[in-house]
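Asks: Here is the input, now give the coordinates:
(one chain, ligands or ions: 1)
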Amino acid sequence: MSYTKSVIESVIAKTPGEKEFHQALDEVFSSLATIVDNEPAYKDASILERMAIPERIITFRVPWLDDNNRVQVNTAYRVQFSSSIGPYKGGMRFHPSVNASILKFLGFEQIFKNALSGLPIGGGKGGADFDPKGKSDAEVMRFCQSLMTELHKYLGPDEDVPAGDIGVGAREIGYMYGQYKRIVGRYEGFITGKGIAYGGSLGRTEATGFGLLYLTRDMLANANNGFDGKTVSISGSGNVAIHAAIKAMEFGAKVVTMSDSGGFIHDPDGIDLAAIREIKEVRRERINEYLRYRPSAKYTAGTGVWNIPCDIALPCATQNELHEADALTLAANGCIAVAEGANMPCTKAAVHVFQEKGIMFAPGKAANAGGVSVSALEMSQNSARLAWTFDEVDSKLQGIMSGIFTQMNEAAKEYNMAGNFVAGANIAGFKKVATAMLAQGVV
Ligand code: NDP
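Replies: Numbering: from 1, shown residues only. Now for the predicted structure:
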């Protein structure tokens, strides 16, 4: 059995039940087989075995008082996966589905994503099975303060720098920042996604969605195509989805769908983004409220967003939201490109369909790397006590996304897999991390 395959099998056997982590591990390591199995140095140094185990996982309880003075408790985690090329870096997710497997998959993906960004940041991820939905601001604050009272011991600008993710936006980051500063007594950039008033970077809120569009633009341009006049389908209606929609429209495309965990809206005239932002960012309501603004649009409860015909699909909600049957429907409807705004939104079988049918596909670790990249720019600004303009940050972001596209495109070509951006992104990210690990010895 090949080295790659034997490591995949042994890690899966040793981590029963961690299905999301197994999926991510299999996706990355399988695509590396051609280079890893032909280079004995990787096997001799047990590079894959070491990469597959987090350097550390911190698991802790988070007790807090709700508005009725009842004691609530959640489980929180920080997966410090790899510090080979820089301090651990990756978001915090607050969602009832959070568990060690999901955070291990996200932390593992983050290693390669961060390497691709070209910036000196390692891979990590964290979160809690806490649901901010339906909680008062005071409850969210007490939860964040309790979480940070424990977690601060493991964080720092040169150790581990979290950020936002699902369920963790400006409000949650602010509360976590305040508590950290109060405990350590230092004003330092230990978290990114901060408000502009206290050390945040202009352009960070927009970065993941905008970056997704910059990279997809490069991928389309590489095939002599573009966004202008195209119909775009987006899932999700959170940070990534909203900013992807803004940039898609700016590029001349028409965005016809958005969704949340309750269902999706289809507006053939093009989504009214002001309405979406009012519903999601101001009122924190469900997406079916959109019909109050646009009665001509259609709301469908549950899944099915990928049944709507589109030229370009941008899944921006959550993992495993686009299945094989969805991929076949997209292909039948003439979709030409798919780029992952979310982390691992497409199942392995769905990705296989895209590759079989010649649909351009950009994996999340490349396509959504804009967020972590601007987070790293926020770290630089904090260290240098500087604040760049929006245009400065946005132009650096465009450069970083172009660099990522070039790396994955060139790596795929170098290994005779031209157009296979999954393999290209994995190979380029892996080589950087593996080179650092080999240089640093057995650690
Ligand atoms: P938000 O919390 O802002 O938005 C998440 C969106 O996805 C919401 O519309 C939410 O609907 C929907 N959603 C969440 N869970 C599910 C589910 N199980 N089924 C259907 N819809 C769901 O998160 P972000 O926009 O920040 O993140 C979206 C994705 O992008 C995630 O995969 C995240 O890891 C990834 N990502 C985010 C980055 C960032 O900078 N924010 C950076 C890189 C990747 P509802 O409100 O009903 O839950």
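
Asks: residues in contact with the residue nearest the centre of the chain?
Replies: In the chain, the C-alpha nearest the mean C-alpha coordinate belongs to residue 343, at 4.4 Å (CA atoms, centre = their mean). With contact set as CB atoms under 8 Å, 6 or more residues apart in numbering, residue 343 has these partners: 105, 106, 109, 319, 364, 365, 368. Backbone N, C-alpha and C define where each C-beta goes, glycine included.

Asks: again, only using 6 Å
Replies: Residue 343 makes contact with 106, 109, 319, 364 under the criterion CB atoms under 6 Å, 6 or more residues apart in numbering.

Asks: While we're on the single nearest residue of the chain relative to the ligand, how confident is the model there?
Replies: Residue of the chain nearest the ligand, by CB to the nearest ligand atom: residue 238 (1.8 Å). For residue 238, the pLDDT comes out at 95.

Asks: same deal with residue 432?
Replies: The predicted local confidence for residue 432 comes out at a pLDDT of 98.

Asks: same thing with residue 34?
Replies: Note for residue 34: predicted pLDDT of 89.

Asks: quick one on the thing from earlier: just the contacts of residue 343 that are near the ligand?
Replies: The subset of the contacts of residue 343 within reach of the ligand, counting by CB under 6 Å from any ligand atom, is empty.

Asks: now those in CSV, with pLDDT?
Replies: Written out in CSV, the entries for the contacts of residue 343 read as follows (pLDDT from 0 to 100):
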residue, pLDDT
106, 98
109, 97
319, 93
364, 97
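
Asks: would you turn these into a markdown table with distance to residue 408 and neighbour count?
Replies: As requested, the contacts of residue 343 are arranged in a markdown table below (distance: CB to CB, whole Å; neighbours: other CB atoms under 10 Å):
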| residue | distance to residue 408 | neighbour count |
| --- | --- | --- |
| 106 | 20 | 29 |
| 109 | 14 | 28 |
| 319 | 20 | 23 |
| 364 | 12 | 23 |
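
Asks: Next step: these restricted to helices.
Replies: Assignment to helices by DSSP state H places the following of the contacts of residue 343 there: 106, 109, 364.

Asks: and of those residues, the nearest to residue 401?
Replies: residue 364 (13.2 Å; CB to CB).

Asks: which residues touch that closest one?
Replies: 340, 343.

Asks: hmm, try it at 10 Å
Replies: Residue 364 makes contact with 109, 113, 208, 212, 315-316, 319, 339-346, 425 under the criterion CB atoms under 10 Å, 6 or more residues apart in numbering.

Asks: Residue 122 contacts residue 432, correct?
Replies: No - under the criterion of CB atoms under 10 Å, residue 122 makes no contact with residue 432, lying 11.3 Å away.

Asks: what do those two both touch?
Replies: The contact sets of residue 122 and residue 432 overlap at 84, 85, 111, 114, 115 (CB under 10 Å, 6+ apart).

Asks: Need phi/psi at residue 128.
Replies: The main-chain torsion angles of residue 128 are listed as degrees, to the nearest 10 and equal phi -150, psi 160.

Asks: if I look at it, how far off is residue 400?
Replies: Going from residue 128 to residue 400 by CB to CB, to the nearest Å gives 30 Å.

Asks: In stretch 139-147, which residues are buried?
Replies: Of the residues in stretch 139-147, those scored as buried under the neighbour-count criterion (16 or more other CB atoms under 10 Å) are 139, 140, 141, 142, 143, 144, 145, 146, 147.

Asks: Just give the nearest non-adjacent residue to the third one, would you?
Replies: Put plainly, it is residue 141. residue 175 (4.7 Å; CB to CB, 6 or more residues apart in numbering).

Asks: residues contacting the one you found?
Replies: When contacts are counted by CB under 10 Å, 6+ apart, residue 175 is found next to 137, 140, 141, 142, 143, 144, 145, 147, 148.
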